[in-house]
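Asker: Predicted model follows, preceded by the sequence.
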Amino acid sequence: MSQAKGKLLGDPVGELAKLPVLADMLRAQGHGCQLVTLSSAQMLEVLIDVEHKEFLYEQKAKPVSERQRWDRSKAAKYPVEDGATYCLGWSFSPATSVRQIDTLIPVSYSDGAHMRSSAAGILLSTVSLDSDHHVVPLTYSCLLTNENEHSHTIQLEFSKEMYGEAYDRPERREISDQDKGMEAAWGKAMTNGSKAFNCARHRGDNVSTTVKPGGSEARSLYEQAVKALTLPRLEEIKALYSPQAAAYLGQVPDAAQYIAACGKLHGESVNSTVEAMNAVNDEVRREFSSGVHMTAALLSCVKKSSKRFNENKTKAHAATGQLPKAVLSKMKDVLEKAGTITAGVSFPARNDKKRPYRKNETRGRK
């Protein structure tokens, strides 16, 4: 890791020098792309914070009797030059996503994934779904830092810049894990009434391990409460909580953990959609093997986003109608007799060929 940091701080040429050029090219093509830069003092704080977190992970793996306290005075001496500007990473939003944001459901999913490399860093991802429930990437941020309030603020502010009122609005709901940095950043960055929702799966895991005794029973009741259809039903289930479960779950507002209290979630309650994208973007996380490979990571992310859009387009064009095939087969006779159905729906006609029906079809008459 020290070697990777040395490359970042000591060699601002080569691959890293290509990054601004690539960012300019992407912006010229309508994509959103920004380079995140820091002053020398800010960069030094980031590097020490990364070292601090690694130290805590190491201590956690040791027996309690052998654990040590963090001493900032013993942090590594990084070759940070006074007055210099350093690149922390980049944020990217595909042009295709920016253009179709108004057609997507107003529920987004966010998560952070660590780099699979020698360099400490994260890939923050925010995605949504189109009307066919295909995943649409909104924003990625690849940063040489920890997952914290600062990194999540970068992600949220860039998303607001790219998507404007379509992103930060009262109807917006964003599902994420219970990262404290995300919660802090959301409260400061999102000011127009949008709501953050805690992933029910992550929270359910925490209920199981934290509530003692009766963790399993508490989780079962919690999961029922999450999916309660009405507020009265939600209150009925909450009344069954044990004192321990009520105390733990009461630390989070109802609107941040129950569908009925939050509203406008379109039935969604977990962020598995974006977690699946972490595996899809595994190549991006591997490309980020050191600071000077930020360019390769960004290029890989662009290619992945382009592939995703083309796959979604192919699936949409391959659809034969707005209704599932099983439904169409059962309704074929009724639809043929009706003669008028929703525009775009097609079904097997009597001559065994696909024939689309359109509402109020004139069949050639003027």
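Answerer: Sure thing, it's come through.
Asker: Go through stretch 249-257 and flag the buried ones.
Answerer: Residues of stretch 249-257 classed as buried under the neighbour-count rule (16 or more other C-beta atoms under 10 Å) are Leu249, Asp254, Ala256, Gln257. To be clear about C-beta, it is placed using only N, CA and C from the backbone, and glycine gets the same treatment.
Asker: Let me fix that, I meant to ask about stretch 208-225.
Answerer: When neighbours are counted by 16+ other C-beta under 10 Å, the buried residues of stretch 208-225 are found to be Ser208, Val211, Gly215, Glu217, Ala218, Arg219, Leu221, Tyr222, Glu223, Ala225.
Asker: Output it as CSV, nothing but the C-alphas.
Answerer: Backbone C-alpha positions of stretch 208-225 (Å, rounded to 0.1, in the frame of the first residue of the first chain) are rendered in CSV as follows:
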residue,chain,number,x,y,z
SER,A,208,-30.7,-10.8,14.9
THR,A,209,-27.2,-10.2,16.4
THR,A,210,-27.9,-7.2,18.6
VAL,A,211,-31.3,-7.9,20.3
LYS,A,212,-30.7,-10.3,23.2
PRO,A,213,-32.5,-12.4,24.1
GLY,A,214,-34.8,-13.4,21.2
GLY,A,215,-33.0,-12.0,18.2
SER,A,216,-34.6,-14.4,15.7
GLU,A,217,-38.1,-13.6,16.9
ALA,A,218,-37.3,-9.9,16.9
ARG,A,219,-36.1,-10.1,13.3
SER,A,220,-39.2,-12.0,12.2
LEU,A,221,-41.5,-9.3,13.7
TYR,A,222,-39.3,-6.5,12.2
GLU,A,223,-39.6,-8.0,8.7
GLN,A,224,-43.3,-8.2,9.1
ALA,A,225,-43.4,-4.6,10.2
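Asker: And for it, what's in contact with it?
Answerer: The set of residues that contact stretch 208-225 without belonging to it, under C-beta atoms under 8 Å, 6 or more residues apart in numbering, is 200, 203-204, 207, 234, 237-238, 240-242, 244-245, 248-249, 258.
Asker: Show the buried residues in those.
Answerer: Buried members of these, counted by 16+ other C-beta under 10 Å: 200, 203-204, 207, 234, 237-238, 241-242, 245, 248-249, 258.
Asker: Okay, and which of these map to helices?
Answerer: When DSSP state H is applied, the buried ones among the contacts of stretch 208-225 are split such that Ala200, Arg203, Gly204, Val207, Leu234, Ile237, Lys238, Ala245, Tyr248, Leu249 fall in helices.
Asker: The third one and Pro94, how far apart?
Answerer: The one in question is Gly204. Distance check for Gly204 against Pro94: by C-beta to C-beta, to the nearest Å, it reads 32 Å.
Asker: Equivalent analysis for the last one, please.
Answerer: If you measure Leu249 against Pro94 using C-beta to C-beta, the figure is 38 Å.
Asker: Burial check on the residue lying closest to Ala196 once chain neighbours are set aside, number of neighbours?
Answerer: Take Ala196 and drop its neighbours on the chain: the residue closest to it by C-beta to C-beta, 6 or more residues apart in numbering is Trp186, 4.6 Å away. The local packing of Trp186 (other C-beta atoms under 10 Å) involves 21 other residues.
Asker: now do the one 4 residues further on
Answerer: Residues near Met190, counting by other C-beta under 10 Å, number 20.
Asker: What does it show for phi and psi?
Answerer: phi -100, psi 100 (degrees, to the nearest 10).
Asker: Can you list the neighbours in contact with stretch 168-176?
Answerer: 106-111, 126, 160, 182, 186, 189-199, 262, 264-265, 268-271.
Asker: again, but for stretch 261-271
Answerer: Taking C-beta under 8 Å, 6+ apart as the rule, stretch 261-271 contacts 105-107, 109-111, 171, 173, 175-177, 195, 197, 199-202, 226-227, 231, 234, 253-256, 259.
Asker: ok, back up a step: which SS state does the residue nearest to Ala196 fall under?
Answerer: Taken by DSSP: H, G, I helix; E, B strand; the rest coil, the conformation at Trp186 corresponds to helix.
Asker: That one and Gly250: what is the separation?
Answerer: Distance, Trp186 to Gly250, by C-beta to C-beta: 20 Å.
Asker: Would you map out the domains in this protein?
Answerer: Under the assignment named as automatic domain parsing, the residue ranges that make up the domains of the chain are 2-195+271-316, 200-269, 320-366.
Asker: Return the member of those having the minimum mean pLDDT.
Answerer: Per-segment confidence across the domains of the chain bottoms out at domain 320-366, which has a mean of 53 in mean pLDDT.
Asker: residues touching Asp130, list them.
Answerer: By C-beta under 8 Å, 6+ apart, the contact list for Asp130 reads Gln100, Thr103, Leu104, Ile105, Val136, Asn312.
Asker: number of nearby residues for the nearest residue to Ala76 once chain neighbours are set aside?
Answerer: What sits nearest to Ala76 in space, not counting adjacent residues and going by C-beta to C-beta, 6+ apart, is Glu51, at 6.2 Å. Around Glu51 there are 20 other residues, counting by other C-beta under 10 Å.
Asker: Cross-check the contact I'm expecting between Glu51 and Arg72.
Answerer: No. Glu51 lies out of contact with Arg72 (C-beta atoms under 8 Å); the separation is 9.4 Å.
Asker: check which helix or strand covers Met43.
Answerer: Secondary-structure assignment from DSSP states H and E places Met43 in helix 40-60.
Asker: Which elements pack onto that helix?
Answerer: The helices and strands touching helix 40-60, judged by 3 or more C-beta pairs under 8 Å, 6 or more residues apart in numbering; DSSP states H and E, are strand 85-93.
Asker: buried set for the strand it packs on?
Answerer: Counting neighbours by 16+ other C-beta under 10 Å, one finds that the buried residues in strand 85-93 are Tyr86, Cys87, Leu88, Gly89, Trp90, Ser91, Phe92, Ser93.
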